Structure formats: C-alpha cells, structure tokens
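Q: sequence? don't have it. structure:
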C-alpha cells in the first residue's frame, strides 16, 4: 500500500493497527466506510444524513461509535491518498483490497470504487470539457461535486472540517473542591487541509501533481471549561446567523 499510495510507513502501521483491533467491525462495514470517505472528499455541501457512517456515529445508542470513528479516520487517510495518487484502475485498487484483508468483500469494494470514486472523478475531469455532456450528465443531488478539485491549477483554500469529537474530563482528586466538581471539555477537530497547514493552509498556488501531498488530515485538540465552551458556541452561532442573514439578502 505504501508503494502505491506513498503513505508514510508509521502512518500505515497505525492504520493497520486500528483495523486489526476492530477486524470484525471493519469487515462488516468496509464498503460503507469507503463510500462515505470518497463522498466526503469529492463532494461539497452534502448533508450529514446522506452519509451511512455519520448517521451511525450520531446515534447515542451505538456502542460501536468510537471504533467506527477510528476506522473512518483510518480509511479517510487511505481514500485521500488514493485521490492524491490519481488512482484510475480497479486492478490497482485490488492490491489495496488484498492488503487490507478484504478479499471476501472484493466485489462490493470494487463496486463502491467504481461508483463513488471512478465515476465521480471522471465527472470532475469532464465537467467543463464537453458542454453537451455536462448538460446531460446525471449528477448526484445528495453529494454535489466539489468542482474546486477539478482545476488543473489548484488555488489552495482554507482547511475543511470533516469531523469533530468531544469528551468530558473529570478530575477525581484535588485539594480544591471547586476544581474537583468543575468538568472540562476536550474538543478534537479533524481537518482536511491543503498546502502548508502550519502557515494556515491557504498560502500557495500549485500545479497538479500526483506526487504532491496536498490533501492532509490534521487534528486540532484543545480543552475548555463550561464558560469557555458556551462562549465558543455563542460565537459560532453568531457567525451562522450572520451568514444566514447574508444569504437571505443575496
């Protein structure tokens, strides 16, 4: 997989470790996880209800949510590098299927690869080339194409939020009772970024290259108390309201 996708060896070890720890769950859900990952990368503006996995992750009664989330992050890295390497053949994808131990699901996996990836990449490549074809082509309304990916020269854009995790942290022992009973929140944002993430992910214009690592997953993690979290939510809500008001006037 590293020879085809050029993924860092340490990252491959982490991916395989996650998959091996959740082998049965992975075998059961692999086609749906890959389908969601391809749609997430190649689409823009899709509603969360349209994704198989995201709906399961939002189910409070789903005891496998954490494991599914780990598998999703691992597969998203693979799918991102499939797009980055410009994989166009099912034979190449079959090597990835074999290495992930998915021979028993090979038919389903190849079907997902053909419909959710190859077909949509072809639509992206031809959307501006043939005006007549673009008018008659059947595009998915559930997963609108991310046309920004089609450009030969990519203008790097801001990072894209693809997942958000949170947990409540309790301090079990302390000399200060006020601290003991005040929970903190740990927020983890998973971002799909282009270009140099350290500089903001929006600093350069670059020609397309299958060797370029221009799509990267990055995580930002921080802690806050209830007051800080409330302030953050207020700011986000204010931004959403301002955008909604602007869209109504437009």
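A: Structure's in. What do you need? Computed from a predicted model, the values in this text were never measured in an experiment. Residues are numbered from 1 along each chain as shown.

Q: so where's the chain uncertain?
A: Where the chain drops to pLDDT under 70, the residues are 1-4, 45-46, 58, 125-144, 146-159, 172-181, 192-217, 250.

Q: that one - how does it break down into domains?
A: As assigned by automatic domain parsing, the chain contains the domains 1-150, 151-250.

Q: who touches the host helix or strand of residue 229?
A: Here residue 229 is covered by helix 226-249, with elements defined by DSSP states H and E. Contact partners of helix 226-249, identified using Cβ atoms under 8 Å, 6 or more residues apart in numbering, comprise 182, 183, 185, 187, 224. C-beta: built from backbone N, CA, C; applies to glycine.

Q: okay, those residues in TSV with secondary structure next?
A: Shown next, in TSV, are these (DSSP: H, G, I helix; E, B strand; the rest coil):
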residue	secondary structure
182	coil
183	coil
185	strand
187	strand
224	strand
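
Q: check the residues you listed and tell me the two furthest apart.
A: Within the contacts of helix 226-249, 182 and 187 form the most distant pair, 16.6 Å apart (Cβ to Cβ).

Q: and the helices in this structure?
A: With helices called from DSSP state H, the chain shows them at 2-5, 9-21, 23-42, 52-57, 65-84, 90-99, 106-112, 119-126, 131-136, 177-180, 226-249.

Q: turn those helices into JSON lines, columns for distance to residue 167 and mean neighbour count.
A: Below are these laid out as JSON lines (distance: least, Cβ to Cβ, whole Å; neighbours: other Cβ atoms under 10 Å):
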{"stretch": "helix 2-5", "distance to residue 167": "31", "mean neighbour count": "14"}
{"stretch": "helix 9-21", "distance to residue 167": "18", "mean neighbour count": "14"}
{"stretch": "helix 23-42", "distance to residue 167": "21", "mean neighbour count": "20"}
{"stretch": "helix 52-57", "distance to residue 167": "14", "mean neighbour count": "17"}
{"stretch": "helix 65-84", "distance to residue 167": "10", "mean neighbour count": "21"}
{"stretch": "helix 90-99", "distance to residue 167": "32", "mean neighbour count": "16"}
{"stretch": "helix 106-112", "distance to residue 167": "31", "mean neighbour count": "17"}
{"stretch": "helix 119-126", "distance to residue 167": "34", "mean neighbour count": "16"}
{"stretch": "helix 131-136", "distance to residue 167": "45", "mean neighbour count": "9"}
{"stretch": "helix 177-180", "distance to residue 167": "18", "mean neighbour count": "10"}
{"stretch": "helix 226-249", "distance to residue 167": "12", "mean neighbour count": "10"}
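
Q: and of these, who's closest to residue 168?
A: helix 226-249 (9.8 Å).

Q: if we can go back for a sec, ChimeraX command for the buried members of the contacts of helix 226-249?
A: Selecting only the buried entries of the contacts of helix 226-249 in ChimeraX, with 16 or more other Cβ atoms under 10 Å as the criterion:
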select :185
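
Q: out of the contacts of helix 226-249, who's nearest residue 73?
A: residue 187 (15.8 Å).

Q: tell me, how many neighbours does the nearest residue to that closest one once chain neighbours are set aside end up with?
A: The shortest distance from residue 187 to any non-neighbouring residue, by Cβ to Cβ, 6 or more residues apart in numbering, is to residue 166 (5.3 Å). With neighbours defined by other Cβ atoms under 10 Å, the count for residue 166 comes to 10.

Q: check the one 4 residues further on too.
A: Using other Cβ under 10 Å, the number of residues around residue 170 comes to 9.

Q: pretty sure it sits against residue 183.
A: Yes. Contact status for residue 170 versus residue 183: in contact at 5.5 Å, counting by Cβ atoms under 8 Å.

Q: between the two, which contacts overlap?
A: Counting by Cβ under 8 Å, 6+ apart, residue 170 and residue 183 have no common neighbour.

Q: which residues touch the nearest residue to residue 32 once chain neighbours are set aside?
A: Spatial nearest neighbour of residue 32, chain neighbours left out: residue 52 (4.2 Å); criterion: Cβ to Cβ, 6+ apart. Taking Cβ under 8 Å, 6+ apart, we find residue 52 in contact with 32, 35, 36.
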